[in-house]
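Undergrad: give me a 3D structure for the following:
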Amino acid sequence: MIYFIKLDLFQSTITSFDRYGLGGSLKYTNKSEIFKRSNIFTVGGDLFYQTGPISEYNNINGLKGDNLISQIDETVSNSGLYLLDNFEIYNKQLYFLISGRYDYINFEQVNRLNASRNDDITFKAFTPKFALNYKLTPSVAVYSSFGFSFDSPAGNELDDYPRPDRPANLLNPDLDAQNSTNFELGIKGDLLNEGSDFFMNNLFEFTFFNTVVESEIVPFEVYGDVYYRNSARTNRRGLEAGITSELYEGLKATLSYTFSDFAYDEYSAISIDLDSTGQITESSQDYSGNVVPSVPRHNFVLALQYQHRLQSNINVFIKGSYQNISGMYVNDANSDKTEGYEILNSTVGMELFWGNFNVLLSGGVNNILDLTYVGFININSANGRFYEAGEPQSIFATLKFNYVF
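TA: Below you'll find the predicted structure:
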């Protein structure tokens with residue numbers, strides 16, 4: 001059970017949430033040979049169920065009043081069934097994978113104070129995927145995959161908004177799931193440099209990806225409140241690169257870089273607002289060809305970690321990281337853009353072992369240079385309040401106890 005209260009001193013109401021969740025999964029795997037080739041077949045399913053009331057009360061100087069304004073029982077259920085088969089095509093080097101998954105997702109809202117306002121909506125889809133994996137050496141492989149994916153809206157994205165032709169429903173009947181066609185091509189491996197004191201173990205992975213998203217879900221505002229809509233067609237292409245290397249005994253470096261070229265292929269958006277006379281106005285904008293907001297074009301991370309064993313039961317370590325994020329557009333119109341930023345973080349710690357029991361003591365500093373930067377973007381804010389500051393310089397300490405049975 002999860003319970004929390006949403007409190008805003010500037011609002012006239014207080015909202016409380018209760019959540020009860022239940023989930024489970026079942027999987028069966030069969031390993032066999034077909035035509036003297038290894039084959040691994042898997043069938044499985046999973047189920048998730050969450051329910052609970054959302055209650056809204058009057059706000060009396062920041063305290064919850066006794067006047068129950070509304071109460072809605074919100075239930076989300078997600079059931080899925082999948083099949084997966086991995087077949088050896090050639091000489092334990094070339095493998096073919098095929099999979100398929102069916103999802104059934106239902107959102108239901110029951111208004112306890114007004115039964116005529118009950119609402120529910122369902123999303124369902126079957127998504128197949130195909131992949132090839134070829135081992136150039138026992139530790140280096142190239143791979144490629146092609147498939148489809150399906151993403152239903154989240155619960156908070158389904159709120160309906162008022163329109164000139166009708167009042168708002170509990171759930172937005174016009175919001176669809178977004179569907180994607182995905183392709184990737186890459187190489188990955190683990191290179192050992194035996195007999196050397198430097199660069200002893202090196203993990204790497206480079207991946208090119210291209211995803212075409214139909215009916216992508218994006219936020220927009222109506223009278224200052226945030227809602228969500230489908231934005232037609234988006235093309236997401238890019239490159240991901242990652243390298244982890246043990247530079248010297250105990251010293252490890254990790255480097256990752258992501259290049260993202262995300263753009264709207266087709267996007268005609270409708271905006272709803274009030275004019276100077278208080279009348280509802282509706283306008284249309286064409287954002288085709290614009291860059292998807294809140295996605296950095298360049299994302300670079302470099303991390304260093306040194307670990308040393310003082311005694312048989314005592315380890316000490318020090319970690320440092322550097323992150324460089326390029327500027328991001330703040331709205332679909334691409335009318336403004338944030339500045340890029342660089343963040344430095346550090347951690348030091350000690351770990352002690354006694355048999356099955358261990359203690360971890362650590363501390364550090366985040367945002368060492370105490371830079372002010374945009375950590376979160378309110379996409380498509382109608383009143384121009386796009387920017388929320390990221391975490392300032394902070395000092396933290398952690399103490400963890402662990403016992404392994």
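
Undergrad: residues in contact with the nearest residue to Gln93 once chain neighbours are set aside?
TA: Spatial nearest neighbour of Gln93, chain neighbours left out: Lys135 (4.6 Å); criterion: Cβ to Cβ, 6 or more residues apart in numbering. Using the backbone N, CA and C atoms, a C-beta is placed for each residue, glycine as well. Lys135 makes contact with 92-94, 141 under the criterion Cβ atoms under 8 Å, 6 or more residues apart in numbering.

Undergrad: just the buried ones from those residues?
TA: The neighbour-count test (16 or more other Cβ atoms under 10 Å) marks Ala141 as buried among the contacts of Lys135.

Undergrad: nearest to Thr234 among the contacts of Lys135?
TA: Ala141 (30.1 Å; Cβ to Cβ).

Undergrad: so what's the closest one up against?
TA: 133-135, 187-189.

Undergrad: and it, how far from Leu251?
TA: Separation of Ala141 from Leu251 (Cβ to Cβ, to the nearest Å) stands at 27 Å.

Undergrad: do Asp225 as well
TA: Asp225 is 51 Å from Leu251, by Cβ to Cβ.

Undergrad: cool, and Ser79?
TA: Taking Cβ to Cβ, one finds Ser79 at 47 Å from Leu251.

Undergrad: would you check that Trp354 makes contact with Asn313?
TA: Yes: when contacts are counted by Cβ atoms under 8 Å, Trp354 is listed as touching Asn313 (6.5 Å).

Undergrad: which one of these two has more residues nearby?
TA: Asn313 (12 against 9; other Cβ atoms under 10 Å).

Undergrad: could you report the neighbour count for the residue lying closest to Phe209 once chain neighbours are set aside?
TA: Excluding the flanking residues, the one nearest Phe209 by Cβ to Cβ, 6+ apart is Glu184, at 4.4 Å. Residues contacting Glu184 under the criterion other Cβ under 10 Å number 16.

Undergrad: so who does Glu184 touch?
TA: 143-145, 207-210.

Undergrad: of these, buried ones?
TA: So, by 16+ other Cβ under 10 Å, the buried ones in the contacts of Glu184 are 143, 145, 207-209.

Undergrad: what is the helix or strand where Val213 lies packed up against?
TA: Assigned by DSSP states H and E, Val213 belongs to strand 201-214. In terms of contacts (3 or more Cβ pairs under 8 Å, 6 or more residues apart in numbering; DSSP states H and E), strand 201-214 is packed against strand 178-192, strand 233-248.

Undergrad: partners of the one helix or strand Ser346 maps to, with directions?
TA: Ser346 belongs to strand 341-354 when assigned by DSSP H and E. The pairing partners recorded for strand 341-354 under DSSP bridges are strand 314-325 (antiparallel), strand 357-366 (antiparallel).

Undergrad: so which of those strands comes closest to Asn59?
TA: With Cβ to Cβ as the criterion, Asn59 lies closest to strand 357-366 of these, at 34.1 Å.

Undergrad: the closest one - what's its average pLDDT?
TA: Taken as a whole, strand 357-366 has a mean pLDDT of 95.

Undergrad: so after it, what's the next helix or strand?
TA: Trace forward from strand 357-366 with DSSP H and E and the next one is strand 374-377.

Undergrad: what sits up against that following strand?
TA: 293-294, 328, 330, 338-339, 341, 386-391.

Undergrad: any of these buried? List them.
TA: Buried, going by 16+ other Cβ under 10 Å: 293-294, 328, 330, 338, 341, 386-387, 390, out of the contacts of strand 374-377.

Undergrad: tell me the one among the residues you listed nearest to Phe317.
TA: For these, the nearest to Phe317 is Gly390 (25.8 Å; Cβ to Cβ).

Undergrad: from memory the closest one sits against Tyr373, does it?
TA: Yes: the criterion here is Cβ under 8 Å, and Gly390 meets it with Tyr373 at 4.9 Å.

Undergrad: which residues do these two both contact?
TA: Joint contacts of Gly390 and Tyr373 (Cβ under 8 Å, 6+ apart) are 341, 343.

Undergrad: circling back: could the strands paired with strand 341-354 go into JSON lines alongside mean neighbour count and distance to Phe401?
TA: As requested, the strands paired with strand 341-354 are exported to JSON lines (neighbours: other Cβ atoms under 10 Å; distance: least, Cβ to Cβ, whole Å):
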{"stretch": "strand 314-325", "mean neighbour count": "16", "distance to Phe401": "16"}
{"stretch": "strand 357-366", "mean neighbour count": "15", "distance to Phe401": "6"}
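
Undergrad: right, and those - which one's nearest Thr42?
TA: Nearest to Thr42, of all these, is strand 357-366, at 34.8 Å by Cβ to Cβ.

Undergrad: max-length strand in the chain?
TA: In the chain, with assignment by DSSP state E, the single longest strand is strand 63-90.
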